[in-house]
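Visitor: predicted model and sequence follow; I will ask about them next.
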Amino acid sequence: MKLKAKILVSLLIITSIAGNARAGSTKLRGWLEDKLSISATGYKPGDTRELRLILDSKINPVMSFNSHLYGKVFLGEDVTDEKYAEALIDRAFLSLDFSKTRIRVGRQRLAWGAGFIWNPTDIFNEVNLTDRNYTRKGKDAIEMNYYPGDTSEVTCLVTFSTATLLQCDNLAIRGKTNIQGYDITFSIISQASGKIDLLGADLAGTVENLFGIRMEQLYDINSRRQDLSIGVDYSLNEYIYLFAEYSRNELNYYDLLKNYFYIGMSDTINELLTFSAGLMVDGNPLSMLLSTNFGYSLSNDTDITLSLNFTTQGLLNTHYVKLRFYF
Amino acid sequence: MKRFIIMSMVIMLAISTGLAAEKITGQELIKKVQDNMSFDSLKYSAEMIITVGKKIRKKEFFGYGAGTDRSFMEFTSPSRDKGKRFLIIKDNMWIYDPIEDKSIKIPDSLLKGRSFMGSDFSYRDATDNPEPEKDYKSTITGSEKINGRDCYIVDMQAVRKKITYPTKKVWIDKKWFTMLKQNLYAKSGKLLKVMIFEDVKWVENRYYAHKIILSNKLRKNSRTEMIMHKIDFNPIIPENLFSLKRLKKS
């Protein structure tokens, strides 16, 4: 981000806090998280300390400002290395809420898609494939939502390149509605070429009141290729939730393999203790990743997670403990 | 003489009222309880206290309801759950995750029985609003005292399939016509949950329990208390509250 933009965003935040702190309409929250490898030899390259500050500021009944400030220290790197730490304004957007319309201007999360694991239509925000719990980075955009009904929504979107200030890289329009209990969405995306490049659609609902189904597709008109995900889920009982999802990637936005299959389960043993496990299979050459997570709530605001991950390659096995404190 | 006549009328009235009360059927009783609990619209703030062994977790939230098929709920604490919102319109439920800034439609398969926000309530307990006088055949089977209050015991058998609890046993206060205890059973007859209703207060022409204690018999050493701090019946509902727009409001 250019210096001018950084200054502008910083000024917005400071003005927002100063203008609203006295009225008590600015709220600050967030979390501090340590992710540490299970190792007897000190910090490893993947070990991190992360701080996320979330600022919600209500300027008046129509206007609000939201921002996420994010900092991360890579504990396994050398302090003098430039990779040692990163800090960024992850989100900073002004929101205008009218009766049936909302406009958001600034860096924001554009969460498109109905898939549980893979979202082919979610092409706007940067993704981290090595960490499923990663919160996606924001995208500079102007988004306008119009709500013709309680369960329907029309979105017009302009996104801008992160590298070059105010250079448009996507124009999109999306329609969403609920028919017979199914959420159905269609989208058209032009990647600043002046013509339609991508068509998207997704669906989420329940079949026979028995199992959930989710489908999502992104089709490239020019190359006639597509990204696709299909998923089902089922509650075995009050505690155990099972889900499976298949993903086919022909467009290869995120350097993915062509086919993935994921099967997982989560078990809420009680309010304090959770367990989840997932097996991801990808093909050619066939490889598998088994991921298991044990979560425990240490207090109302503190969670600890033990994550054990095994791969068929063996050498890539990662086991770590994550401690997160919410404030 | 005049005093005698008045006295006799009072006694006769008391007897006839008592007889009428005794003659009430299970179906009528459940209808009366349901009428007592129904509302055009509702606004509340509440707290869930979840106890697992000796550990206690608290969650605070507020919500609105309209009719039998629309409700909105937002968690205000703890920090981990702050800003999570739930929207129910008819049989559809959406959850909003403030960190991902995304609303997700929750499939019915998840609603079926999953724990609601880590509590002993399931999503279905939190969202289900059946019409008990239509969904169950209710029969008065006896009387018993609950917390010193005289109650009817009513057995309820579901008359349609795909109902969360096929059998219920409820204790209904004879004067307040409000539920003081409820046992919920599986199809097999196994006791799943016990609900105790306490802190009954007179609110806008009805007796309303402000505290529900739920013991989940499938979980060891676990119980959830739901405490209603404030209830307003028929408040002014904010515009577009029961909509996807409000779900994602900044």
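Guide: Noted; the coordinates are in hand. Numbers count the residues shown, from 1 in each chain, chains lettered A, B, ... in the order given.
Visitor: now for the residue of chain B at minimum distance from chain A, how many residues are close by?
Guide: Chain B approaches chain A most closely through B:Pro107 (2.7 Å), counting by CB to the nearest CB. Backbone N, C-alpha and C define where each C-beta goes, glycine included. Neighbours of B:Pro107 under the rule other CB atoms under 10 Å in any protein chain shown: 25.
Visitor: so what's the residue count around the residue lying closest to it once chain neighbours are set aside?
Guide: In space, and not counting its chain neighbours, B:Pro107 is closest to A:Gly212: 2.7 Å by CB to CB, 6 or more residues apart in numbering or on different chains. Other residues within reach of A:Gly212, judged by other CB under 10 Å, total 23.
Visitor: for chain B, give me the ranges with low pLDDT.
Guide: B:1-22, B:109-113, B:126-130 (pLDDT under 70).
Visitor: mind listing the helices for it?
Guide: Here chain B has its helices, by DSSP state H, at B:2-23, B:26-37, B:108-111, B:123-127, B:132-135, B:244-247.
Visitor: show me where chain B has its strands.
Guide: In chain B, the segments counted as strands under DSSP state E are B:41-52, B:55-66, B:70-77, B:85-89, B:92-97, B:102-106, B:136-146, B:149-158, B:167-173, B:179-185, B:191-202, B:207-216, B:222-233.
Visitor: ok, B:Cys238 to B:Glu204 distance?
Guide: Not quite, residue B:238 is Pro, not Cys. 20 Å (CB to CB, to the nearest Å).
Visitor: tell me the phi and psi of the residue of chain B closest to chain A?
Guide: Torsion angles at B:Pro107 (phi, psi; degrees, to the nearest 10) stand at phi -70, psi 150.
Visitor: got the contact list for it?
Guide: Counting by CB atoms under 8 Å, 6 or more residues apart in numbering or on different chains, B:Pro107 makes contact with A:204-206, A:211-213, A:233.
Visitor: from A:Glu208, how far off is the spatially closest residue to A:Ile263 that is not a sequence neighbour?
Guide: Residue nearest to A:Ile263 in three dimensions, not counting chain neighbours: A:Ala244, with 4.5 Å by CB to CB, 6+ apart. The gap separating A:Ala244 from A:Glu208 is 17 Å, by CB to CB.
Visitor: still on that earlier bit, okay, now the residue nearest to A:Ile263: neighbour count?
Guide: Number of residues near A:Ala244 (other CB under 10 Å) recorded here: 18.
Visitor: so in that sheet, which strands flank whichever helix or strand it is part of, and in what orientation?
Guide: For A:Ala244, the host element (DSSP states H and E) is strand A:240-249. Next to strand A:240-249 in the sheet, as set by DSSP bridges, lie strand A:225-235 (antiparallel), strand A:259-268 (antiparallel).
Visitor: mean confidence score for the last one?
Guide: Just to be clear, that refers to strand A:259-268. In this model, strand A:259-268 has a mean pLDDT of 90.
Visitor: can you list contacts of the following helix or strand past it?
Guide: Where DSSP H and E defines the elements, the next helix or strand beyond strand A:259-268 is strand A:273-282. Contacts with strand A:273-282, where a contact means CB under 8 Å, 6+ apart, come from A:257, A:259-269, A:287-297.
Visitor: contact partners for B:Phe242?
Guide: A:150, B:64, B:66, B:70-72, B:87, B:89.
Visitor: now distance to A:Thr185 too, for the residues you listed, in JSON lines please.
Guide: Output for these, formatted as JSON lines (distance: CB to CB, whole Å):
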{"residue": "A:Asp150", "distance to A:Thr185": "16"}
{"residue": "B:Tyr64", "distance to A:Thr185": "27"}
{"residue": "B:Ala66", "distance to A:Thr185": "26"}
{"residue": "B:Arg70", "distance to A:Thr185": "23"}
{"residue": "B:Ser71", "distance to A:Thr185": "24"}
{"residue": "B:Phe72", "distance to A:Thr185": "22"}
{"residue": "B:Leu87", "distance to A:Thr185": "17"}
{"residue": "B:Ile89", "distance to A:Thr185": "17"}
